[in-house]
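1. Have a look; sequence and predicted model below, questions after that.
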Amino acid sequence: MDCNCVSDLLLPPVPALWTPGFAFPDWAYKPESSPGSRQIQLWHFILELLQKEEYQGVIAWQGDYGEFVIKDPDEVARLWGIRKCKPHMNYDKLSRALRYYYNKRILHKTKGKRFTYKFNFSKVVLVNYPLLDMANTPFFLAQNHFSGGTTAPDCTPETIQSLFPRLPESGRGTSLFDRGTTAPGPEGDKLRLDTFPFLSSGELTRGGGGEQTSTSN
DNA sequence: AGCGGAACTC
DNA sequence: GAGTTCCGCT
């Protein structure tokens, strides 16, 4: 009625554009919780932003594998607020939700680095596909993951946008509600098993709290 | 900035 | 279960 975010039907598939050198496991994306849904998980949304180049000024991969930094906390919070139709979202609240993932071991904080978190992809995978046979799975070949991604669906853009002071036109010139930004591209992204360290080594090892101390900040 | 408890919603 | 909102503490 008031905020019906369910127009995730006619969204085109997105090209598997990825940051060079950063092979991200696309299968981490849950097909069910695609672009339109307000039931999207936060970590999922984060992934969605990270996937798109236009948000690299806002949030981007940085540092170790699975590590990302929120460059513009307010903006990320705003985008999250739009997606969830929560006009009063802010980074304070968002970070609380992020903290929720600590216990779930989906995320953890990179200590010493501001606004920097790290994914536990091993956990992410287990959460989504508990019985997934990595070696031979259709997910690797035929994954139709996201589309217009960050596009706010039917939260009535006009309504939402009126609630949010900042305009998307500023800086990067990325319209939040523009669905035509992603051109259809080659889907032949052959994912390689050896790009996922945790499958063999398992990077989930964090003994008892003693972690790496960063050089910055 | 970052943390976690607690009450609350969906 | 997955946040959201509010809070006090470091």
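-> It's in. Keep in mind it's a predicted model, so treat the numbers as computed, not measured.
2. for chain A, what are the low-confidence residue spans?
-> Per-residue confidence for chain A (pLDDT under 70) gives these ranges: A:1-38, A:123-217.
3. Only the buried residues of the lengthiest helix in it, if you could.
-> Among the elements of chain A assigned as helix by DSSP state H, the one spanning the most residues is helix A:91-104. Buried positions in helix A:91-104, judged by neighbour count with 16 or more other Cβ atoms under 10 Å: A:Tyr91, A:Leu94, A:Ser95, A:Leu98, A:Tyr101. Heads up, the C-betas are built off the backbone N, CA and C, glycines and all.
4. packing partners for it?
-> The helices and strands touching helix A:91-104, judged by 3 or more Cβ pairs under 8 Å, 6 or more residues apart in numbering; DSSP states H and E, are helix A:42-51, helix A:73-83, strand A:107-109.
5. Would you mind giving the ones you listed as a markdown table with distance to DNA strand C added?
-> As requested, the helices and strands packed on helix A:91-104 are exported to a markdown table (distance: least, Cβ to the nearest atom of the strand, whole Å):
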| stretch | distance to DNA strand C |
| --- | --- |
| helix A:42-51 | 4 |
| helix A:73-83 | 7 |
| strand A:107-109 | 10 |
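6. Arrange those in a markdown table, one row each, with mean neighbour count as further columns.
-> Supplementary listing: the helices and strands packed on helix A:91-104 in a markdown table, determined by neighbours: other Cβ atoms under 10 Å:
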| stretch | mean neighbour count |
| --- | --- |
| helix A:42-51 | 21 |
| helix A:73-83 | 22 |
| strand A:107-109 | 20 |
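7. need the ones you listed in TSV with distance to A:Phe121, can you?
-> As requested, the helices and strands packed on helix A:91-104 are arranged in TSV below (distance: least, Cβ to Cβ, whole Å):
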stretch	distance to A:Phe121
helix A:42-51	10
helix A:73-83	20
strand A:107-109	11
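8. Let me see the backbone angles for the residue nearest to A:Gly81 when sequence neighbours are not counted.
-> Distances taken as Cβ to Cβ, 6 or more residues apart in numbering place A:Met89 nearest to A:Gly81, at 2.9 Å, with adjacent residues excluded. As for A:Met89, its main-chain torsions (degrees, to the nearest 10) stand at phi -70, psi 140.
9. Next, count neighbours for A:Met89.
-> 21 (other Cβ atoms under 10 Å).
10. That one and A:Trp61, how far apart?
-> Summarising the geometry, the distance separating A:Met89 from A:Trp61, computed by Cβ to Cβ, to the nearest Å, is 23 Å.
11. Likewise for A:Thr116?
-> From A:Thr116 over to A:Trp61 the distance is 11 Å, taken as Cβ to Cβ.
12. intersection of neighbour lists for those two?
-> Residues within reach of A:Thr116 and of A:Trp61 at once, by Cβ atoms under 8 Å, 6 or more residues apart in numbering, are A:Glu67, A:Phe68.
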